[in-house]
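Peer 1: mind folding the following:
(chains A and B)
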There are 2 protein chains.
Amino acid sequence: MRIDRTALTDLAQGAAFLGSGGGGDPYYSLLLGQAELARVESFELVPLDSLGDDALVVPCGWIGAPTVSVEKLPSGLEALAGLKRLERELGRPIDAVLPIEIGGGNGLAPLVSAARLGVPVVDADGMGRAFPESQMAIFNIRGLSACPSVLTAACGALTVIETDDNLTHERIARGLSVALGGIAHMVEYPLTGREAKDHAIGGSVSAAIAIGAAVRRAREGGDDPFAALYAALRDTSLYPYAGELFDGKIVDLERETQGGFSVGRVVIEGFGGSGRMELVFQNENLIARRDGDVVAMVPDLITVMDRETADSITTERLKYGQRVKIVGAAAPAMLREARALALVGPGAFGFTDAYRPIEALNGWDQG
Amino acid sequence: MRIDRTALTDLAQGAAFLGSGGGGDPYYSLLLGQAELARVESFELVPLDSLGDDALVVPCGWIGAPTVSVEKLPSGLEALAGLKRLERELGRPIDAVLPIEIGGGNGLAPLVSAARLGVPVVDADGMGRAFPESQMAIFNIRGLSACPSVLTAACGALTVIETDDNLTHERIARGLSVALGGIAHMVEYPLTGREAKDHAIGGSVSAAIAIGAAVRRAREGGDDPFAALYAALRDTSLYPYAGELFDGKIVDLERETQGGFSVGRVVIEGFGGSGRMELVFQNENLIARRDGDVVAMVPDLITVMDRETADSITTERLKYGQRVKIVGAAAPAMLREARALALVGPGAFGFTDAYRPIEALNGWDQG
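Peer 2: Numbers count the residues shown, from 1 in each chain, chains lettered A, B, ... in the order given. Below is the predicted model:
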């Protein structure tokens, strides 16, 4: 599949939704992608099963606080410098690149990196959404090593990281991203083609494009973009349940950049006094409570969307007074396995609530 | 010259003094050195002028807060892992090692690292004392690059750092040391033999040994160890003035571990109410004020010593009630050049006082 200008825009729309509030605002990644399309005709997207077992397949993306990413622009050289350094490190060329997370700007950014390196992007990612910490990738959940990884910053600084422990790797990378101004690019979890096929979340890039396309077509045809979004999500094999969790206006917002993350909470009041919803976030929206009751929790997706345009609003773009719909979707099945929930479920973020699937919490599975 | 068990103990004593309160307590480095002397007969120390112009000469030492170093023990594998990785990085063997700073434990630690690698230690260092930040090395003052550098931690994590900017390098390394628990080993400023000869502070290792030996002999002979220390310092070509700045008891101490440093202040009250001295420190003692008047300032050396034993007390070992002498010494001339003072003078640490040499402030240059 080739990703042209229209598909790129659709991908930005779909990835923004799948970010669950995080992964970084896709706007700059979209602009960079559009600029790159003046150089190449389209981006090449290949399915997981096209990879040779011994191919070198490399996830990459940005690490840091999204609040910083919208103010501190990249140099544009970070990704290629990191990929080239990893090739030198491993003594062989990279065969394909994939997004470490499909959510937000990180779902798009690898297109340009891959085009510059002259390799395709794989239709897969490492999170099926976005998560704030690098050890939350499916590759860590499945026991693969993040290293060697290469972190690069806008100032030209580059570091190669080697450690057996993926949590230590996250701590190192987070410390580096803070020291380097709050945002950095990371090439991590180098995979064989076999490992990618066995563990990556396949089909997520094309799913994001399909989701974005459905919203675009609904808008163009004067149809309800939210209905189109829910239908498109259910049509993917990845996100089988989706629907509206709340509709209202943002009346309270706390957000700070802390320890390399954007953390906070946002309160939405229903129109006509019809209840309140509270979301807690660490880069991504983690838990949604309606009038005190949990209605969605990680790893399920919770996205704040403009109630008129159905544009997703990442956590760093939340503002008092925005009129929004809160939309939820079931996480890919791979993220709901027990070993996954230990690393990306509510407990991993300090919540004491046991995980319950969004479709059960909202009766979506009742037919 | 060979460094045997006696010379090693003398080096520990001398390096502790030259640390100006920092560089880490030499106790663990001394123990590790003694343990290594069960394996090798002695350590080899070679003069700067024995280096070939194209030799690869590598400074190394520990980075972090000394307060942490006395609680979090090294694995013992850090230095060799870092040196080996730098060899791989540069594609050639290392010919010799030197201490990045002669002060404190960092003045001794490279002996073991060099012995493990099978190369000699050069009789020189990068600071002529100890400083809290890596860009304060003479190699940065003289315009050389810190990179590639290799940082290793007790947990086995390793990072290679590449940046053209030595201040960014310090920020990265500091962020890493914090992320890795507060202390890490660093191999940095790889030098050619020519660069080492042109810019390293030559003779500092043998000077530290001579200073330590003088104190030991005075103790053994029942003589005043302080008089012996001052005479030994003046006998080196590096520290031409030395003397007592104050004598008293520690009556106030503030110290915290902040941003990867041990920072604080200590107040010493003279016996019989004869005035007060205040020292401000960031790992190292930076400025000494007697009854409000500055009597010594960086880069000149300010060391707190036990007034009975003449043992140096590093800043992390300061305690309320210790009876101490505050001893000062003139910094090596290379640290007093204008380009050096910009990076290691009082202004570099936020003090507004212009630098004045310790011998002028105390009338030691009046004959």
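Peer 1: shouldn't A:Val57 be in contact with A:Asp95?
Peer 2: Yes: using Cβ atoms under 8 Å, A:Val57 is in contact with A:Asp95, at 6.2 Å. C-beta coordinates here come from the backbone N, C-alpha and C atoms, glycine included.
Peer 1: neighbour count for those two, which is higher?
Peer 2: The neighbour comparison of A:Val57 against A:Asp95 (other Cβ atoms under 10 Å in any protein chain shown) goes to A:Val57, with 25 against 20.
Peer 1: on that earlier part again, shared neighbours of A:Val57 and A:Asp95, anything?
Peer 2: Residues touching both A:Val57 and A:Asp95 (Cβ atoms under 8 Å, 6 or more residues apart in numbering or on different chains): A:51, A:193.
Peer 1: spatially nearest residue to A:Asp311 (excluding sequence neighbours)?
Peer 2: Spatial nearest neighbour of A:Asp311, chain neighbours left out: A:Met305 (6.5 Å); criterion: Cβ to Cβ, 6 or more residues apart in numbering or on different chains.
Peer 1: name the surrounding residues that touch the helix or strand that neighbour falls within.
Peer 2: Counting by DSSP states H and E, the element that carries A:Met305 is strand A:301-306. The contact list for strand A:301-306, computed with Cβ under 8 Å, 6+ apart, reads A:16-21, A:129, A:226, A:239, A:245, A:266, A:268, A:279, A:285-288, A:296, A:311-313, A:315, A:318, A:322-331.
Peer 1: the same query, at a cut-off of 6 Å, please.
Peer 2: Under the criterion Cβ atoms under 6 Å, 6 or more residues apart in numbering or on different chains, residues A:17, A:20, A:129, A:285, A:288, A:296, A:312-313, A:324-329 lie in contact with strand A:301-306.
Peer 1: which PyMOL command selects the buried ones in those residues?
Peer 2: In PyMOL, a selection of the buried entries from those looks like this (16 or more other Cβ atoms under 10 Å in any protein chain shown):
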select buried, chain A and resi 17+20+129+285+288+296+312+313+324+325+326+327+328+329
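Peer 1: quick check, nearest of the contacts of strand A:301-306 to A:Ile141?
Peer 2: A:Ile141 lies nearest to A:Arg129 out of the contacts of strand A:301-306, by Cβ to Cβ, at 13.3 Å.
Peer 1: can you confirm the closest one is in a helix?
Peer 2: No: assignment of A:Arg129 by DSSP: H, G, I helix; E, B strand; the rest coil gives coil, placing it outside any helix.
Peer 1: list the contacts for it?
Peer 2: Contacts of A:Arg129 by Cβ under 6 Å, 6+ apart are A:18, A:20, A:103, A:301.
Peer 1: considering those residues, which possesses the most neighbours?
Peer 2: Going by other Cβ under 10 Å, A:Gly103 tops the contacts of A:Arg129 with 35 neighbours.
Peer 1: where does the residue nearest to A:Ala200 when sequence neighbours are not counted land on pLDDT?
Peer 2: In this structure, A:Ala200 finds its nearest non-sequential neighbour in A:Ala124, 3.9 Å apart by Cβ to Cβ, 6+ apart. pLDDT, A:Ala124: 98.
Peer 1: and the helices in the stretch 51-200 of chain A, which stretches?
Peer 2: Here the stretch 51-200 of chain A has its helices, by DSSP state H, counting those that start in this stretch, at A:66-69, A:78-90, A:109-117, A:138-141, A:166-179, A:193-199.
Peer 1: give me the buried positions along the last one.
Peer 2: Read it as helix A:193-199. For helix A:193-199, burial by neighbour count (16+ other Cβ under 10 Å) applies to A:193, A:195-197, A:199.
Peer 1: for A:Thr303, see how far away A:Gly350 is.
Peer 2: As judged by Cβ to Cβ, to the nearest Å, A:Gly350 and A:Thr303 stand 21 Å apart.
Peer 1: tell me who's in contact with the residue nearest the centre of chain A.
Peer 2: Taking Cα atoms, centre = their mean as the criterion, A:Gly103 is the residue nearest the geometric centre of chain A, at 1.9 Å. When contacts are counted by Cβ under 6 Å, 6+ apart, A:Gly103 touches A:18-19, A:22-23, A:129-130.
Peer 1: list the contacts for the residue in the stretch 251-367 of chain A that chain B sits nearest to?
Peer 2: At 9.9 Å from chain B, A:Gly260 is the closest residue in the stretch 251-367 of chain A, using Cβ to the nearest Cβ. A:Gly260 is in contact with A:65, A:174, A:177-178, counting by Cβ under 6 Å, 6+ apart.
Peer 1: against A:Gly347, how distant is it?
Peer 2: 21 Å.
Peer 1: next one: A:Gly182
Peer 2: Counting by Cβ to Cβ - A:Gly182 and A:Gly347 are separated by 27 Å.
Peer 1: between those two, which is the more surrounded one?
Peer 2: The residue with more neighbours, out of A:Gly182 and A:Gly347, is A:Gly182; 21 against 15, by other Cβ under 10 Å.
Peer 1: touching, the more buried one and A:Ala65? I think so.
Peer 2: Yes: shown here, A:Gly182 and A:Ala65 form a contact pair, counting by Cβ atoms under 6 Å, at 5.3 Å.
Peer 1: still on that earlier bit, figure out which of the helices of the stretch 51-200 of chain A is closest to B:Ser75.
Peer 2: Proximity to B:Ser75 (Cβ to Cβ) singles out helix A:166-179 among those, at 13.4 Å.
Peer 1: now that closest one, how far from the centre of its chain.
Peer 2: 19 Å (Cα atoms, centre = their mean, to the nearest Å).
Peer 1: identify the farthest-apart pair in the contacts of A:Gly260.
Peer 2: A:Ala65 and A:Arg174 (9.9 Å).
Peer 1: neighbour count winner among these two?
Peer 2: Using other Cβ under 10 Å, the more surrounded residue of A:Ala65 and A:Arg174 is A:Ala65, with 27 against 22.
Peer 1: tell me the confidence at the more buried one?
Peer 2: 70.
Peer 1: related to what we said a few turns ago, mind checking how far the residue nearest to the centre of chain A is from A:His169?
Peer 2: 20 Å.
Peer 1: A:Gly321 now?
Peer 2: 40 Å.
Peer 1: compare the two (neighbour count), which wins?
Peer 2: Using other Cβ under 10 Å as the criterion, A:Gly321 and A:His169 rank with A:His169 on top: 25 against 8.
Peer 1: and the pLDDT for that one?
Peer 2: At A:His169, pLDDT is 97.
Peer 1: need the pLDDT of the nearest residue to it once chain neighbours are set aside.
Peer 2: Distances taken as Cβ to Cβ, 6+ apart place A:Ala146 nearest to A:His169, at 4.3 Å, with adjacent residues excluded. The model reports A:Ala146 with a pLDDT of 98.
Peer 1: let me know whether A:Asp125 touches A:Ser204 as I believe.
Peer 2: Yes: under the criterion of Cβ under 6 Å, A:Asp125 makes contact with A:Ser204 at 4.6 Å.
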